[in-house]
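Undergrad: Got a predicted model here, sequence first, then my questions.
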Amino acid sequence: MADSYNKDELEAPGWLNKPFFEGVLKKCENTDVIVVNDIKMSPATAKGDHYASVMFRATLNYDSKTAKGLTKSLIIKTMPQVEGHKMDFLKESYIFETEIAMYSKTIPMFEAELRKIGDNTILGAKALYHSLTPQKCIIFEDIVPLGYQTLSTRTADMEQSKSALLKLAKWHAVSYKLAAEGDTSLTDYKHGIFSLKEFETSTFVQNGMKQFIAKCETIEELKQYVPKLQALEKDLLKRCHQSFESYFQPNAKGIFVLCHGDFHSKNMMFKKNSKGENEDVMLVDFQLCYFGPAILDIIYGLYTILTGDVRKNHLEEIIHYYSSNFIETLHKLNFKGSFPKISEFFIELLRHSHFEIFMMSTFLPVFYAFETEVIDPEELMTSEGAGKSLYNNERYIEDVKRMLPIMHNRGYLD
């Protein structure tokens, strides 16, 4: 089974030991007596489910002052200990500072705003412990025992997608209101995925559009789009970078919120009721949150959550559903400022169409590959050959054949 997990998650670091967990449990349970009897460590996720951290699941058997034989399951997220691309990718980043701030300050603040209007939505799993020294680490309550599960496939069905979008719309609306009312803490989040130097300069990102164009040149019905794609390729990454940082640019225009930043299916955990119906979705992984255009989260989700058929045939419905719930939440929050119109979200989609092209050309082939094979993320980020083969996926090619003419007709390629 070792090949199913990231190599750096097969053995936990030595500091994840009994004294460490006893300290964590004492803090969580507000007691001075905890004795850990046994620790069972395992990888928390499968290979390819995440890259910007190292994650373990710890099942603890322990005694407290009042009871013996207690058990608790924890999720530990920390930095890589092994030299390599992942360590280089993360060592200069702010991802742990971002996620700690999100769990300790921002998410509780958002939930408090929702409680004022009688909305009991839970926006994030419970964070039990965090530190930046001597190790960067965050420990969460394991929500699998509470009935939450990740999707076994890359894509979500329509019900699941709307459930995730509803929660995102509420999150976005609360942040929109607070920022408009002068809360400057939200604009401190400035480090989205395009702020990671190792991401933007990686072989995977740098070659994505080139490899996409090369594949289009071999497909008869897509050859006509190649000249326009070549013209776009020259500054595509620069424009994406500008989109992510557009709030901080002069004369910024748009609907700005605190974005999740990594809104994809593996960062969602779904819970069903006794009838098998979707009861809740929990968004996880807040390492890449940033203040920017709301539509970027939606575009990201369009290509990392939805099937190609849903994306083609229900895009307007999806955006209408999200934006109408965004606006409805603002009304419920008794927001006194200027309300965005649903039409403005569609204008935003066109304004940031270059990011949609990036997602289709660079991220989408990866997510198709995840459905049928186990991919080593580090090899993908660093090996030109590893990325090139992804463009031969037949389902991906069929999806591009559907989407590229639509993008052309919308004016995205101009």
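TA: Nice, thanks for sending it over.
Undergrad: Run through who's touching whichever strand or helix holds residue 61.
TA: In this structure, residue 61 sits in strand 54-64 according to DSSP states H and E. Taking contacts as Cβ atoms under 8 Å, 6 or more residues apart in numbering, the residues outside strand 54-64 that touch it are 6, 8-9, 12, 16, 21-22, 25, 29, 31, 33-45, 69-81, 86, 142. (Glycine included, C-beta is placed from N, CA and C.)
Undergrad: Among those residues, which are located in strands?
TA: Cross-referencing the contacts of strand 54-64 against strands under DSSP state E gives 34-43, 70-78.
Undergrad: What residues does the residue nearest to the spatial centre of the chain make contact with?
TA: When the chain is reduced to its mean C-alpha position, the nearest residue by Cα atoms, centre = their mean turns out to be residue 262, at 2.1 Å. Taking Cβ under 8 Å, 6+ apart as the contact definition, residue 262 lies against 193, 285, 287-288, 300.
Undergrad: Please tabulate these in CSV and include distance to residue 325, neighbour count and secondary structure as additional columns.
TA: Listed next are these as CSV, based on distance: Cβ to Cβ, whole Å; neighbours: other Cβ atoms under 10 Å; DSSP: H, G, I helix; E, B strand; the rest coil:
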residue, distance to residue 325, neighbour count, secondary structure
193, 25, 20, helix
285, 22, 24, coil
287, 25, 25, coil
288, 23, 26, coil
300, 18, 22, helix
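Undergrad: Closest to residue 338 out of those residues?
TA: If you rank those by distance to residue 338 using Cβ to Cβ, residue 300 comes first, at 25.6 Å.
Undergrad: With adjacent residues omitted, what lies nearest to that closest one?
TA: Counting by Cβ to Cβ, 6 or more residues apart in numbering, residue 300 lies nearest to residue 263, which is 5.0 Å off, once chain neighbours are set aside.
Undergrad: What's the separation between the one you found and residue 156?
TA: For residue 263, the distance to residue 156 under the criterion Cβ to Cβ, to the nearest Å works out to 11 Å.
Undergrad: just to revisit the earlier point, can I get the contacts of residue 262 in a markdown table with distance to residue 116?
TA: Formatted as a markdown table, the contacts of residue 262 follow (distance: Cβ to Cβ, whole Å):
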| residue | distance to residue 116 |
| --- | --- |
| 193 | 32 |
| 285 | 27 |
| 287 | 28 |
| 288 | 28 |
| 300 | 29 |
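Undergrad: so which of the residues you listed comes closest to residue 229?
TA: residue 300 (20.6 Å).
Undergrad: In contact with the closest one, which residues?
TA: Taking Cβ under 8 Å, 6+ apart as the definition of contact, the neighbours of residue 300 are 261-264, 359.
Undergrad: check which helix or strand covers residue 241.
TA: Assigning secondary structure by DSSP H and E places residue 241 in helix 236-244.
Undergrad: May I have stretch 53-63 as CSV, with CA atoms only?
TA: Below are the C-alpha coordinates for stretch 53-63, written out as CSV (Å, rounded to 0.1, in the frame of the first residue of the first chain):
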residue,chain,number,x,y,z
SER,A,53,2.1,20.1,3.7
VAL,A,54,2.8,16.8,5.3
MET,A,55,-0.2,15.2,7.0
PHE,A,56,-0.6,12.4,9.5
ARG,A,57,-3.5,10.8,11.4
ALA,A,58,-2.7,9.9,15.0
THR,A,59,-5.0,7.6,17.0
LEU,A,60,-4.3,8.1,20.7
ASN,A,61,-5.2,5.8,23.6
TYR,A,62,-4.8,7.7,26.8
ASP,A,63,-5.9,8.2,30.5
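Undergrad: pLDDT on stretch 351-361, on average?
TA: Rounded to a whole number, the mean pLDDT of stretch 351-361 is 97.
Undergrad: which residues are contacting it?
TA: Here stretch 351-361 makes contact (Cβ under 8 Å, 6+ apart) with 208-209, 212-213, 229, 232, 236-237, 239-240, 243, 253-254, 293, 295-296, 299-300, 302-304, 349, 400, 403-404, 407, 410-413.
Undergrad: can you do 6 Å?
TA: Residues outside stretch 351-361 that contact it (Cβ atoms under 6 Å, 6 or more residues apart in numbering) are 208-209, 212, 236, 239-240, 243, 295, 299, 303, 412.
Undergrad: tell me which of those is nearest to residue 339?
TA: Scanning those for proximity to residue 339, where the rule is Cβ to Cβ, the winner is residue 295, at 16.3 Å.
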